[in-house]
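Visitor: Pasting the sequence and the predicted coordinates here, then a few questions.
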There are 2 protein chains.
Amino acid sequence: MNYNSKSNISAPEPRYTVGVDMGGTGTAFAIVDSDGRIAGRGKVPTLGFDTPADFVTKLCEEIDRLMVETHLKDKVFAIGIGAPCANAVTGVIEAATDLPWPSPIPLARLVEEKSGLPVFISNDANAAAAGEMAYGAARGCNNFIMITLGTGVGAGVVCDGHLLSGSRGFAAELGHVTVSNDPTRPCGCGRNGCLQTYCSASGVVNTARRLLADPHEPSLLREIPEKDMTTLDIFNAAVKGDKIALRTFSETGRALGEAAANFAAFTDPDLIILFGGVANAGEFIIPAMREALNKKALHLYRDRIEILRSALPDADAALLGAASLPYLNEY
Amino acid sequence: MNYNSKSNISAPEPRYTVGVDMGGTGTAFAIVDSDGRIAGRGKVPTLGFDTPADFVTKLCEEIDRLMVETHLKDKVFAIGIGAPCANAVTGVIEAATDLPWPSPIPLARLVEEKSGLPVFISNDANAAAAGEMAYGAARGCNNFIMITLGTGVGAGVVCDGHLLSGSRGFAAELGHVTVSNDPTRPCGCGRNGCLQTYCSASGVVNTARRLLADPHEPSLLREIPEKDMTTLDIFNAAVKGDKIALRTFSETGRALGEAAANFAAFTDPDLIILFGGVANAGEFIIPAMREALNKKALHLYRDRIEILRSALPDADAALLGAASLPYLNEY
């Protein structure tokens, strides 16, 4: 008997949440059902409001309008918000450099007061993990690690069905795990050798530049001015079989796999999910990551951890992750 | 309002558990109240029984006798067992090399059937973490990491009030986090550079031997044949101000602190607790550990993590840890 199970006398009413994906210039929102289907969506600018309260007023008006339009106003039970530097423990946006107002911003409270609904906020990586658990590749999986590979490297760790927050909401900052002391891998945090200096978009480009320093190896990438090179350029070259591009991604995968071997010793996961721009090169990254993980991990974890790309549609992943946050305390 | 709080109309009845500390030759047990006070204790041999079931029969008879003697039979609500290689997820002892019967041993089920009480089992390091949370240095602390420094290095990680188990019960094997590729630091697991090759008893002795290789540095340790040297010898020399002994412990602390800087990025803890034989040299280890942790950690964690030695009495820590296991699902 599961004491948490709902009555099954009749089919359950569909349940809805609002997901809000807050960015520096625009904020998208959507009404989402419990299977991750989007019933309606909208957008408001983030820029152009004097205060966070003014922005929240506009956001809640537009959310309300959408709930009325879709006839779902009485079926939406909570709002989930994914935002940069959002702290799930405090409900506050802390030290966000890409929002137009000074931090801290008590976002959860502001939206709760204006909307009258319970509000759950989280940073992007944790929201991505929640989304994957609610609607994506981690459905039914109680132990997994979500790694987001983009401008930076973020993570969300689910252990025993619980998304780790930590004392101050700063759990799972796995992009800042130190994997080397290499001074040529400086990190924005002021230290050297953080995982994200290898596996973020700029970290991958850094790796490609190093490999290009070998003048004997021909590469399509030599046609691109080094300072303009992007991971998309490297991906396109890899698709064409370019050796340096392929090696760039396999070195990225190796760095991820070696780090993941240590992550495994922390939470004994079944699954690692990659998400974000760099993860679009997953076909070139994952084989080397899997090899390094299985080579470096303690025997207890070897050959037992699956590595997958996110199962959420790229364009809506942030919205879906935000929409799933209210379900987190139901697992 | 804390929805978990008990009625406060009258003083609550004292609650008791039985803690069982199972070792390769002997097994100790005790009846313990919810504040960690031992109301009675006993011991049975582990050796000398043909099967685990025979051993469990004897153990449960002796536990029953103690419960009757102490008039606590109707106040004991559960049994907690700490045992080598005990898996909290499966309730089974897996691959224990220092027990007299072949593994796996379905210990939780055997004791449950014989005693009629709910049984919770765990490995030693997780039991130590549970004990610290129930009665020790981590009372009221929801985010901490327990590191046991002994023959090996074990750990128990509590995040958001929950002791991490992981998919197969192998979470928190932090002694096997790889901290270097040094082939002169071989680990029993078959890999090189695991944290325990630096911070276990033999790891510490290994460090001392390296430092003694410098013939110019005088040391009291030179009077001890290298192969007989123990951490107690090094401790005794450190107490006398021996430079090599002191440096041995400060290097141990540095290795722990650098590893802990990465652990912090995983679970954002408030506290790290050291326990076990090597931790008795905490006065020489912790300052260097604290320095390395604060130097190497991401700014979010810097100067915010306390490092303490276990607050449980050494002789009874394993028993108390075991006795606290039944409370784990109440936090």
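Guide: Structure received.

Visitor: The residue in the stretch 101-250 of chain A positioned nearest to chain B and residue A:172, how far apart?
Guide: At 2.5 Å from chain B, residue A:166 is the closest residue in the stretch 101-250 of chain A, using CB to the nearest CB. Using the backbone N, CA and C atoms, a C-beta is placed for each residue, glycine as well. Look at residue A:166 and residue A:172: by CB to CB, to the nearest Å, they are 8 Å apart.

Visitor: so the residue of the stretch 101-250 of chain A closest to chain B sits in a helix?
Guide: No: Residue A:166 sits outside any helix when classified using DSSP: H, G, I helix; E, B strand; the rest coil, being coil.

Visitor: Which one of residue A:166 and residue A:172 is surrounded by more residues?
Guide: When neighbours are counted by other CB atoms under 10 Å in any protein chain shown, residue A:172 comes out ahead of the other of residue A:166 and residue A:172, with 30 against 25.

Visitor: ok, now how distant is that one from residue A:263?
Guide: Residue A:172 is 10 Å from residue A:263, where distance means CB to CB.

Visitor: Need the overlap of contacts for those two.
Guide: Common neighbours of residue A:172 and residue A:263 (criterion: CB atoms under 8 Å, 6 or more residues apart in numbering or on different chains): A:145, A:157, B:266.

Visitor: returning to that earlier point: so what's the backbone phi/psi at the residue of the stretch 101-250 of chain A closest to chain B?
Guide: phi 80, psi 180 (degrees, to the nearest 10).

Visitor: What are the contacting residues of the helix or strand of chain A with the lowest mean pLDDT?
Guide: Least confident helix or strand, chain A: strand A:86-87 with a mean of 90, by mean pLDDT, DSSP states H and E. With CB under 8 Å, 6+ apart as the contact definition, strand A:86-87 has outside contacts at A:22, A:92-94, A:96, A:107, A:121-123, A:168-170.

Visitor: ok, and the most crowded of these?
Guide: Scoring the contacts of strand A:86-87 on neighbours with other CB under 10 Å, the highest-scoring entry is residue A:122 at 29 neighbours.

Visitor: contacting residues around that one?
Guide: Listed by CB under 8 Å, 6+ apart, the contact partners of residue A:122 are A:80-83, A:86, A:88, A:130, A:322, A:325.

Visitor: try 6 Å this time
Guide: Residue A:122 is in contact with A:82, A:86, A:88, A:325, counting by CB atoms under 6 Å, 6 or more residues apart in numbering or on different chains.

Visitor: Report pLDDT for the last one.
Guide: This points to residue A:325. Per-residue confidence at residue A:325 stands at 96 (pLDDT).

Visitor: list the contacts for it?
Guide: Contact analysis of residue A:325 by CB under 6 Å, 6+ apart lists A:80, A:120, A:122, A:130.

Visitor: How about the first one?
Guide: With contacts defined as CB under 6 Å, 6+ apart, the neighbours of residue A:82 are A:21, A:122, A:124, A:127, A:318, A:321-322.

Visitor: For the spatially most central residue of chain A, pull up the helix or strand it's in.
Guide: Note on chain A: the residue nearest the mean C-alpha position is residue A:125, at 3.0 Å, using CA atoms, centre = their mean. When elements are assigned from DSSP states H and E, residue A:125 belongs to helix A:124-135.

Visitor: With adjacent residues omitted, what lies nearest to whichever residue of the stretch 201-331 of chain A sits closest to chain B?
Guide: The shortest separation between the stretch 201-331 of chain A and chain B is 2.5 Å, found at residue A:268 (distances taken as CB to the nearest CB). The shortest distance from residue A:268 to any non-neighbouring residue, by CB to CB, 6 or more residues apart in numbering or on different chains, is to residue B:166 (2.5 Å).

Visitor: Weed out the non-buried ones from the shared contacts of residue A:172 and residue A:263.
Guide: The neighbour count (16 or more other CB atoms under 10 Å in any protein chain shown) marks A:145, A:157, B:266 as buried among those.

Visitor: TSV please, covering the residues you listed and showing pLDDT.
Guide: Below are those laid out as TSV (pLDDT from 0 to 100):
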residue	pLDDT
A:145	98
A:157	97
B:266	97
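
Visitor: before we move on, the earlier item: the residue of the stretch 201-331 of chain A closest to chain B and residue B:164 touch, don't they?
Guide: No: judged on CB atoms under 6 Å, residue A:268 makes no contact with residue B:164 at a distance of 8.0 Å.

Visitor: Any chance you could list residues touching both of the two?
Guide: Shared contacts of residue A:268 and residue B:164, defined by CB under 6 Å, 6+ apart, comprise residue B:171.

Visitor: how close does residue A:162 get to residue A:316?
Guide: According to CB to CB, residue A:162 stands 25 Å off from residue A:316.

Visitor: how about the longest helix along chain A: buried residues?
Guide: With residue count as the measure and DSSP state H as the assignment, chain A has helix A:243-267 as its longest helix. The neighbour-count criterion (16+ other CB under 10 Å) identifies A:244-267 as the buried residues of helix A:243-267.

Visitor: same deal with stretch A:193-213?
Guide: A:193-208, A:211-212.

Visitor: end-to-end on it?
Guide: Separation of the first and last residues of stretch A:193-213 by CA to CA, to the nearest Å is 20 Å.

Visitor: at contact distance from chain B, anything in it?
Guide: No: shown here: stretch A:193-213 not in contact with chain B (CB under 6 Å from any CB of the partner chain), separated by at least 8.0 Å.

Visitor: ok now that stretch, how far from the chain's centre?
Guide: In terms of CA atoms, centre = their mean, to the nearest Å, the gap separating the centre of stretch A:193-213 from the centre of its chain is 20 Å.

Visitor: Tell me the spacing between the most far-flung residue of chain A relative to its centre and residue B:199.
Guide: For chain A, the residue at maximal distance from the C-alpha centroid (CA atoms, centre = their mean) is residue A:216, at 38.1 Å. To residue B:199, residue A:216 is 44 Å away according to CB to CB.

Visitor: Can you give me the pLDDT of the residue of the stretch 101-250 of chain A closest to chain B?
Guide: Per-residue confidence for residue A:166 comes out at a pLDDT of 95.

Visitor: Now for it: which residues touch it?
Guide: With contacts defined as CB under 6 Å, 6+ apart, residue A:166 is in contact with B:143, B:267-268.

Visitor: Sounds good, over and out.
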